[in-house]
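Enquirer: Return a 3D structure for these sequence lines:
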Amino acid sequence: MERAHAGAVLRAEWTKARTTGSTVWLLVAVIALTVAVAVAATTALKCTAAGCGADPARSSLAGIYLSQTIAVLVAVLAVSGEYSNGMIRTTFTAMPRRTTVLAAKAAVVTGLVLASGAVAVAASVLVGRLILPGHGFTPAHGYPSLSLDYGPMLRAATGSVLYLALIALLALGIATAVRDAAMAVGIVLGLLYLFPIIAGAVSDPHWHRHLEQIAPMTAGLYIQATTGLDELPLSPWQGLGVPAAWAAGALLVGGLLLRARDV
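Expert: Model prediction:
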(Lines give C-alpha, C1' and ligand atoms only; values in the text may rest on other atoms or scores of the structure.)
Protein backbone atom coordinates (compact mmCIF):
# COMPACT_ATOMS: atom_id res chain seq x y z
CA MET A 1 0.00 0.00 0.00
CA GLU A 2 2.84 2.32 0.91
CA ARG A 3 4.45 1.71 -2.47
CA ALA A 4 1.28 2.80 -4.20
CA HIS A 5 1.17 5.94 -2.08
CA ALA A 6 4.82 6.69 -2.82
CA GLY A 7 4.23 6.19 -6.54
CA ALA A 8 1.26 8.52 -6.44
CA VAL A 9 3.29 11.19 -4.66
CA LEU A 10 6.08 10.86 -7.21
CA ARG A 11 3.59 11.27 -10.06
CA ALA A 12 2.04 14.27 -8.32
CA GLU A 13 5.43 15.95 -7.90
CA TRP A 14 6.28 15.26 -11.53
CA THR A 15 2.97 16.79 -12.62
CA LYS A 16 3.64 19.90 -10.53
CA ALA A 17 7.09 20.30 -12.02
CA ARG A 18 6.17 19.84 -15.68
CA THR A 19 3.10 22.06 -15.47
CA THR A 20 4.92 24.93 -13.79
CA GLY A 21 6.06 27.30 -16.52
CA SER A 22 8.90 28.76 -14.48
CA THR A 23 10.48 25.33 -13.99
CA VAL A 24 10.54 24.63 -17.72
CA TRP A 25 12.08 28.01 -18.54
CA LEU A 26 14.63 27.70 -15.75
CA LEU A 27 15.77 24.34 -17.11
CA VAL A 28 16.10 25.85 -20.57
CA ALA A 29 18.10 28.68 -19.00
CA VAL A 30 20.50 26.15 -17.42
CA ILE A 31 21.31 24.86 -20.90
CA ALA A 32 21.48 28.27 -22.56
CA LEU A 33 23.68 29.89 -19.90
CA THR A 34 26.05 26.94 -19.68
CA VAL A 35 26.60 26.89 -23.42
CA ALA A 36 26.87 30.68 -23.72
CA VAL A 37 29.61 30.82 -21.10
CA ALA A 38 31.36 27.88 -22.77
CA VAL A 39 31.44 29.81 -26.05
CA ALA A 40 32.81 32.92 -24.33
CA ALA A 41 35.41 31.04 -22.28
CA THR A 42 36.75 28.90 -25.11
CA THR A 43 36.82 31.81 -27.54
CA ALA A 44 38.95 33.82 -25.10
CA LEU A 45 41.42 30.98 -24.49
CA LYS A 46 44.65 30.84 -26.51
CA CYS A 47 47.55 28.39 -26.62
CA THR A 48 50.51 29.48 -28.74
CA ALA A 49 53.03 26.91 -27.56
CA ALA A 50 53.34 23.58 -25.78
CA GLY A 51 52.65 23.66 -22.06
CA CYS A 52 50.19 26.56 -22.02
CA GLY A 53 49.10 25.70 -18.50
CA ALA A 54 45.39 25.97 -19.34
CA ASP A 55 42.84 23.24 -18.83
CA PRO A 56 40.59 23.05 -21.93
CA ALA A 57 38.06 20.83 -20.18
CA ARG A 58 37.52 23.33 -17.39
CA SER A 59 37.20 26.16 -19.88
CA SER A 60 34.61 24.25 -21.90
CA LEU A 61 32.63 23.49 -18.74
CA ALA A 62 33.02 26.93 -17.17
CA GLY A 63 29.31 27.63 -17.63
CA ILE A 64 28.52 25.33 -14.70
CA TYR A 65 29.97 28.02 -12.43
CA LEU A 66 27.03 30.30 -13.27
CA SER A 67 24.26 27.91 -14.32
CA GLN A 68 24.34 26.23 -10.92
CA THR A 69 22.50 29.30 -9.61
CA ILE A 70 19.58 28.45 -11.87
CA ALA A 71 19.61 24.84 -10.66
CA VAL A 72 19.37 26.29 -7.15
CA LEU A 73 16.25 28.23 -8.15
CA VAL A 74 14.64 25.12 -9.63
CA ALA A 75 15.12 23.24 -6.36
CA VAL A 76 14.10 26.09 -4.07
CA LEU A 77 10.90 26.79 -5.99
CA ALA A 78 9.93 23.11 -5.75
CA VAL A 79 9.50 23.65 -2.01
CA SER A 80 8.94 27.34 -1.36
CA GLY A 81 6.33 27.65 -4.11
CA GLU A 82 3.97 25.37 -2.23
CA TYR A 83 4.56 27.18 1.05
CA SER A 84 3.89 30.57 -0.52
CA ASN A 85 0.54 29.57 -2.06
CA GLY A 86 -0.58 27.31 0.78
CA MET A 87 -0.68 24.16 -1.35
CA ILE A 88 1.70 22.45 1.06
CA ARG A 89 -1.24 21.72 3.40
CA THR A 90 -3.05 19.91 0.61
CA THR A 91 0.08 17.95 -0.22
CA PHE A 92 0.56 16.80 3.36
CA THR A 93 -3.12 15.98 3.76
CA ALA A 94 -2.92 13.70 0.72
CA MET A 95 0.36 12.17 1.91
CA PRO A 96 0.94 12.48 5.68
CA ARG A 97 4.37 10.83 5.43
CA ARG A 98 6.35 14.01 4.89
CA THR A 99 9.68 12.34 4.27
CA THR A 100 8.04 10.52 1.36
CA VAL A 101 7.00 13.88 -0.07
CA LEU A 102 10.53 15.22 0.33
CA ALA A 103 11.98 12.10 -1.29
CA ALA A 104 9.60 12.50 -4.23
CA LYS A 105 10.56 16.15 -4.65
CA ALA A 106 14.24 15.20 -4.49
CA ALA A 107 13.77 12.52 -7.14
CA VAL A 108 11.92 14.84 -9.52
CA VAL A 109 14.33 17.76 -9.05
CA THR A 110 17.32 15.45 -9.48
CA GLY A 111 15.91 13.97 -12.66
CA LEU A 112 15.12 17.35 -14.19
CA VAL A 113 18.50 18.86 -13.33
CA LEU A 114 20.36 15.76 -14.54
CA ALA A 115 18.51 15.90 -17.85
CA SER A 116 19.11 19.61 -18.48
CA GLY A 117 22.66 19.34 -17.16
CA ALA A 118 23.46 16.45 -19.50
CA VAL A 119 22.27 18.45 -22.51
CA ALA A 120 24.17 21.54 -21.35
CA VAL A 121 27.42 19.67 -20.72
CA ALA A 122 27.26 17.71 -23.97
CA ALA A 123 26.74 20.95 -25.90
CA SER A 124 29.59 22.62 -24.00
CA VAL A 125 31.98 19.79 -24.83
CA LEU A 126 30.98 20.12 -28.47
CA VAL A 127 31.65 23.86 -28.31
CA GLY A 128 35.14 23.21 -26.94
CA ARG A 129 35.80 20.55 -29.54
CA LEU A 130 34.88 22.95 -32.33
CA ILE A 131 36.57 26.12 -31.04
CA LEU A 132 39.67 25.13 -29.06
CA PRO A 133 41.70 23.41 -31.82
CA GLY A 134 41.67 26.67 -33.75
CA HIS A 135 43.11 28.41 -30.68
CA GLY A 136 46.14 26.18 -30.37
CA PHE A 137 44.80 23.34 -28.25
CA THR A 138 46.06 20.57 -30.48
CA PRO A 139 48.04 17.34 -30.01
CA ALA A 140 51.10 19.25 -31.21
CA HIS A 141 50.86 21.38 -28.07
CA GLY A 142 50.18 18.39 -25.84
CA TYR A 143 46.39 18.55 -25.79
CA PRO A 144 44.33 15.60 -27.02
CA SER A 145 41.13 16.24 -28.94
CA LEU A 146 38.31 17.31 -26.62
CA SER A 147 36.13 14.21 -26.74
CA LEU A 148 34.10 12.04 -24.40
CA ASP A 149 36.21 9.12 -25.64
CA TYR A 150 39.04 10.63 -23.60
CA GLY A 151 38.79 9.29 -20.03
CA PRO A 152 39.56 12.50 -18.08
CA MET A 153 37.17 14.48 -20.29
CA LEU A 154 34.40 11.92 -19.76
CA ARG A 155 34.97 12.12 -16.00
CA ALA A 156 34.89 15.93 -16.10
CA ALA A 157 31.68 15.98 -18.14
CA THR A 158 29.88 13.30 -16.12
CA GLY A 159 31.02 14.84 -12.87
CA SER A 160 29.78 18.28 -13.91
CA VAL A 161 26.29 16.89 -14.49
CA LEU A 162 26.35 15.14 -11.12
CA TYR A 163 27.66 18.33 -9.48
CA LEU A 164 24.65 20.30 -10.74
CA ALA A 165 22.29 17.67 -9.32
CA LEU A 166 24.07 17.72 -5.94
CA ILE A 167 23.85 21.50 -5.72
CA ALA A 168 20.13 21.26 -6.51
CA LEU A 169 19.69 18.71 -3.69
CA LEU A 170 21.64 20.97 -1.33
CA ALA A 171 19.25 23.80 -2.23
CA LEU A 172 16.22 21.53 -1.80
CA GLY A 173 17.32 20.55 1.69
CA ILE A 174 17.98 24.13 2.75
CA ALA A 175 14.70 25.34 1.25
CA THR A 176 12.86 22.62 3.18
CA ALA A 177 14.57 23.72 6.38
CA VAL A 178 13.98 27.48 6.08
CA ARG A 179 10.82 27.45 3.85
CA ASP A 180 11.48 30.99 2.59
CA ALA A 181 12.68 31.24 -1.01
CA ALA A 182 14.83 34.35 -0.66
CA MET A 183 16.51 33.08 2.49
CA ALA A 184 17.15 29.65 1.01
CA VAL A 185 18.69 31.08 -2.16
CA GLY A 186 20.81 33.48 -0.11
CA ILE A 187 22.15 30.67 2.11
CA VAL A 188 23.00 28.40 -0.80
CA LEU A 189 24.67 31.12 -2.87
CA GLY A 190 26.59 32.17 0.22
CA LEU A 191 27.90 28.62 0.65
CA LEU A 192 28.83 28.45 -3.01
CA TYR A 193 30.39 31.84 -3.67
CA LEU A 194 31.45 33.25 -0.28
CA PHE A 195 33.54 30.24 0.71
CA PRO A 196 36.11 30.89 -2.04
CA ILE A 197 36.26 34.57 -1.11
CA ILE A 198 36.88 33.72 2.54
CA ALA A 199 39.48 31.13 1.58
CA GLY A 200 41.20 33.70 -0.64
CA ALA A 201 41.40 36.13 2.26
CA VAL A 202 43.12 33.59 4.52
CA SER A 203 46.89 33.95 4.28
CA ASP A 204 47.80 30.81 6.22
CA PRO A 205 48.40 28.06 3.59
CA HIS A 206 47.23 25.32 5.98
CA TRP A 207 43.84 26.90 6.66
CA HIS A 208 43.48 28.06 3.07
CA ARG A 209 43.85 24.46 1.90
CA HIS A 210 41.34 23.17 4.45
CA LEU A 211 38.79 25.82 3.53
CA GLU A 212 39.09 24.81 -0.11
CA GLN A 213 38.61 21.17 0.87
CA ILE A 214 35.28 21.83 2.61
CA ALA A 215 33.89 24.47 0.21
CA PRO A 216 31.09 22.79 -1.79
CA MET A 217 31.78 24.65 -5.04
CA THR A 218 35.57 24.81 -4.92
CA ALA A 219 35.98 21.15 -4.02
CA GLY A 220 33.08 19.99 -6.17
CA LEU A 221 34.43 21.56 -9.34
CA TYR A 222 37.74 19.72 -8.97
CA ILE A 223 35.85 17.06 -10.92
CA GLN A 224 36.36 19.19 -14.03
CA ALA A 225 40.15 19.20 -13.83
CA THR A 226 42.07 17.22 -16.43
CA THR A 227 45.50 18.81 -15.86
CA GLY A 228 47.52 19.54 -12.73
CA LEU A 229 45.70 16.92 -10.65
CA ASP A 230 48.66 16.52 -8.30
CA GLU A 231 48.29 20.14 -7.24
CA LEU A 232 44.66 19.80 -6.11
CA PRO A 233 43.91 19.55 -2.36
CA LEU A 234 41.58 16.62 -3.16
CA SER A 235 41.25 14.21 -6.05
CA PRO A 236 38.42 15.01 -8.49
CA TRP A 237 36.08 12.32 -7.14
CA GLN A 238 36.94 13.17 -3.52
CA GLY A 239 36.11 16.77 -4.36
CA LEU A 240 32.70 15.77 -5.71
CA GLY A 241 32.08 13.98 -2.45
CA VAL A 242 32.16 17.34 -0.64
CA PRO A 243 28.94 18.79 -2.18
CA ALA A 244 27.46 15.28 -1.83
CA ALA A 245 28.09 15.46 1.92
CA TRP A 246 26.65 18.99 2.10
CA ALA A 247 23.56 17.88 0.17
CA ALA A 248 23.04 14.83 2.41
CA GLY A 249 23.37 16.97 5.53
CA ALA A 250 20.95 19.60 4.23
CA LEU A 251 18.36 16.97 3.26
CA LEU A 252 18.70 15.28 6.65
CA VAL A 253 18.18 18.55 8.54
CA GLY A 254 15.36 19.57 6.21
CA GLY A 255 13.66 16.20 6.62
CA LEU A 256 13.90 16.30 10.41
CA LEU A 257 12.48 19.82 10.58
CA LEU A 258 9.75 18.88 8.12
CA ARG A 259 8.58 16.08 10.42
CA ALA A 260 8.79 18.22 13.56
CA ARG A 261 6.70 21.17 12.32
CA ASP A 262 2.95 21.51 12.14
CA VAL A 263 3.18 22.41 8.44
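Enquirer: tell me how far stretch 29-40 is from the chain's mean position?
Expert: Mean-position distance between stretch 29-40 and its chain equals 14 Å (CA atoms, centre = their mean, to the nearest Å).
Enquirer: Quick check: buried residues in it?
Expert: Within stretch 29-40, the residues that qualify as buried are 29-35, 37-39, counting by 16 or more other CB atoms under 10 Å. Placement of C-beta: from N, CA and C, glycine included.
Enquirer: Residue 181 is in contact with residue 85, isn't it?
Expert: No - Residue 181 is beyond contact range of residue 85, at 11.7 Å (criterion: CB atoms under 8 Å).
Enquirer: Looking at the buried residues of stretch 29-40, spot the one nearest residue 169.
Expert: residue 30 (15.0 Å; CB to CB).
Enquirer: And the next helix or strand past the host helix or strand of residue 81?
Expert: Following DSSP states H and E, one finds residue 81 within helix 64-85. Where DSSP H and E defines the elements, the next helix or strand beyond helix 64-85 is helix 87-94.
Enquirer: What lies in contact with that next one?
Expert: 9, 12, 81-82, 98, 101, 263 (CB atoms under 8 Å, 6 or more residues apart in numbering).
Enquirer: switch the cut-off to 10 Å
Expert: 5, 8-9, 12-13, 16, 79-83, 98, 101, 104-105, 179, 258, 262-263 (CB atoms under 10 Å, 6 or more residues apart in numbering).
Enquirer: Show the buried residues in these.
Expert: Here, 16+ other CB under 10 Å leaves 9, 12-13, 16, 79-83, 98, 101, 104-105, 179, 258 buried among the contacts of helix 87-94.
Enquirer: wouldn't residue 256 be in contact with residue 250 here?
Expert: No - assessed by CB atoms under 10 Å, residue 256 is found out of contact with residue 250, at 11.0 Å.
Enquirer: what about the two, which has more around it?
Expert: Taking neighbours as other CB atoms under 10 Å, residue 256 and residue 250 compare with residue 250 leading, 24 against 13.
Enquirer: Would you state the helices of the stretch 1-150 of the chain in chain order?
Expert: Counting by DSSP state H, counting those that start in this stretch, the stretch 1-150 of the chain has helices at residues 2-19, 21-44, 56-60, 64-85, 87-94, 98-131.
Enquirer: Out of those helices, which gets nearest to residue 205?
Expert: helix 56-60 (22.7 Å).
Enquirer: which of the residues in the closest one are buried?
Expert: 56-60.
Enquirer: Distance from that helix to the middle of the chain?
Expert: 17 Å.
Enquirer: Residue ranges in the stretch 51-200 of the chain under the pLDDT threshold?
Expert: The stretch 51-200 of the chain contains residues with pLDDT under 70 at 51.
Enquirer: can you rerun that using 80?
Expert: Scanning the stretch 51-200 of the chain for pLDDT under 80 picks out 51-53, 84-86, 93-94, 140-142, 145.
Enquirer: circling back to that earlier point, right, so the helices of the stretch 1-150 of the chain: which one is the most enclosed?
Expert: Comparing those by mean neighbour count (mean count of other CB atoms under 10 Å), helix 56-60 comes out on top with a mean of 27.
Enquirer: Which strands or helices does that helix pack on?
Expert: helix 21-44, helix 98-131, helix 151-178 (3 or more CB pairs under 10 Å, 6 or more residues apart in numbering; DSSP states H and E).
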